[in-house]
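**Student:** next come a sequence and a model predicted from it.
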Amino acid sequence: MDGDITWPEKSRELQMYCMDSTYWNDFKFRDDDIIIATWGKSGTTWVQQIVAQFIFKGQTVGLPVGDMSMWVDFRLPPLEVKKPLLEAQEHRRFLKTHLPVDALVFSPNAKYIYVGRDGRDSVWSTHNHHVNMLDWVYEALEELPDMGPVIQKPTTDDMREYFHDWFNREGYPFWPFWENVRAWWAVRDLPNVMMLHYQNLKNDMEGEMRKLGEFLECEVDESKWEEMVLHCTFDYMKHNAQESAPLQGSLWAGGAETFVNKGTNDRWRDTLTEVDVAMYETRADEELGADCAKWLATGEM
């Protein structure tokens, strides 16, 4: 890598009920590690599936992607349980984070994939994730050492109200949204960072997969390409959701098929008012700048 590059340095910790950035502090990187980063509900599981197809060359049987590709900063299981599991993995590791760059230990040798999605679309997917989470998950989070208020069950089924809670309380009920996007956008030009967008994956998944494979420097057996693409389609992942979802979907009512939900965008258009939309778009410009806001909304750079 170019010696003149200024690499990101961790400048703070982000610790809360579900996430602890200190889990990365003593992490032993390998030069071929792949880190998949998102705010959340932005296509993380989809990209994990795509990356797995490159690493395992089209294999799906006996490939529990959701468990192999661990969310490193998630507090369940605790670090002392997770660390030896990560170190024991012999395949090329592909890991997940929901941290902004400034709270993440950054390796110049690893590959980073950031997946963006319009915040309004992420909110609709977040609600499905939130409303279907099982009681034992809330209880397990409550039992962890205190790092601030623990997520509670949704207090409303009204999606417009849920959106306003998310908007006014900075990513509620999860973690700050704008700072996450802004931090990754700032490092988009680094040679080991690739920016993907959910809408571009929907518009041309095969083309985006090709770009991703090149970025990861993965050789493709063309005789397996069509099968690899098939394994990354929404229908395939929905039908085989137990292998795609974390912990086989055991955190949610209805299991893995609840976690791999609809995969659609623009559901907010039937709910949000013109005032709501203008409010969101103005905030996006203010928080991100015009270029990043445009990318987040459309995938266009």
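**Tutor:** That came through fine.

**Student:** CA atoms for contacts and neighbours, from now on please.
**Tutor:** OK.

**Student:** poorly predicted segments of the protein, please.
**Tutor:** Residue ranges of the chain with pLDDT under 70: 1-2, 247-249, 255-262.

**Student:** hang on, residue 194 in a helix?
**Tutor:** No - with DSSP: H, G, I helix; E, B strand; the rest coil as the criterion, residue 194 is assigned strand and is not in a helix.

**Student:** neighbours of it, how many?
**Tutor:** 21 (other C-alpha atoms under 10 Å).

**Student:** could you do residue 236 as well?
**Tutor:** 12.

**Student:** check which helices and strands the lengthiest helix in the chain sits against.
**Tutor:** In the chain, with assignment by DSSP state H, the single longest helix is helix 274-288. Contacts defined by 3 or more C-alpha pairs under 8 Å, 6 or more residues apart in numbering; DSSP states H and E place helix 274-288 against helix 178-185, helix 290-298.

**Student:** ok, for residue 179, nearest residue in space, not its chain neighbours?
**Tutor:** The shortest distance from residue 179 to any non-neighbouring residue, by C-alpha to C-alpha, 6 or more residues apart in numbering, is to residue 100 (6.9 Å).

**Student:** residue contacts, that neighbour?
**Tutor:** Applying C-alpha atoms under 8 Å, 6 or more residues apart in numbering, we find residue 100 in contact with 179-181, 183-184.

**Student:** please repeat the previous calculation with a cut-off of 7 Å.
**Tutor:** Residue 100 makes contact with 179-180, 183-184, according to C-alpha atoms under 7 Å, 6 or more residues apart in numbering.

**Student:** looking at these, which is nearest residue 246?
**Tutor:** residue 180 (21.8 Å; C-alpha to C-alpha).

**Student:** Throw the contacts of residue 100 into JSON lines and include neighbour count, thanks.
**Tutor:** Formatted as JSON lines, the contacts of residue 100 follow (neighbours: other C-alpha atoms under 10 Å):
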{"residue": "179", "neighbour count": "19"}
{"residue": "180", "neighbour count": "21"}
{"residue": "183", "neighbour count": "16"}
{"residue": "184", "neighbour count": "25"}
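
**Student:** any chance of those in a markdown table, with distance to residue 191 too?
**Tutor:** Output for the contacts of residue 100, formatted as a markdown table (distance: C-alpha to C-alpha, whole Å):
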| residue | distance to residue 191 |
| --- | --- |
| 179 | 22 |
| 180 | 20 |
| 183 | 16 |
| 184 | 13 |
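
**Student:** sorry, back to before: measure the residue nearest to residue 179 to residue 12 for me?
**Tutor:** Distance, residue 100 to residue 12, using C-alpha to C-alpha, to the nearest Å: 10 Å.

**Student:** how about residue 228?
**Tutor:** In terms of C-alpha to C-alpha, residue 228 sits 39 Å off from residue 12.

**Student:** okay, the two: which has more neighbours?
**Tutor:** For residue 228 and residue 12, the more surrounded residue by other C-alpha under 10 Å is residue 228, and the numbers stand at 25 against 12.

**Student:** so who does that one touch?
**Tutor:** 53, 58.

**Student:** ok, now with 8 Å
**Tutor:** 50, 53-54, 57-58.

**Student:** tell me which element it falls in.
**Tutor:** For residue 228, the enclosing helix or strand under DSSP states H and E is helix 225-231.

**Student:** would you mark the buried spots in that helix?
**Tutor:** 225, 228-229, 231 (16 or more other C-alpha atoms under 10 Å).

**Student:** after that helix, which helix or strand is next?
**Tutor:** Following helix 225-231 in sequence, per DSSP H and E, is helix 234-239.

**Student:** who does that following helix touch, helix- and strand-wise?
**Tutor:** Against helix 234-239 (3+ C-alpha pairs under 8 Å, 6+ apart) you get no helix or strand.

**Student:** gap between that helix and the chain center?
**Tutor:** 18 Å (C-alpha atoms, centre = their mean, to the nearest Å).

**Student:** CA atoms only: put that helix into CSV for me.
**Tutor:** Coordinates of the C-alpha atoms in helix 234-239 are reproduced here as CSV (Å, rounded to 0.1, in the frame of the first residue of the first chain):
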residue,chain,number,x,y,z
PHE,A,234,-33.5,-12.9,-2.5
ASP,A,235,-35.7,-15.9,-3.3
TYR,A,236,-32.8,-18.4,-2.7
MET,A,237,-31.8,-16.7,0.6
LYS,A,238,-35.4,-16.6,1.8
HIS,A,239,-35.9,-20.2,1.0
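
**Student:** having no further points to raise, I will conclude here.
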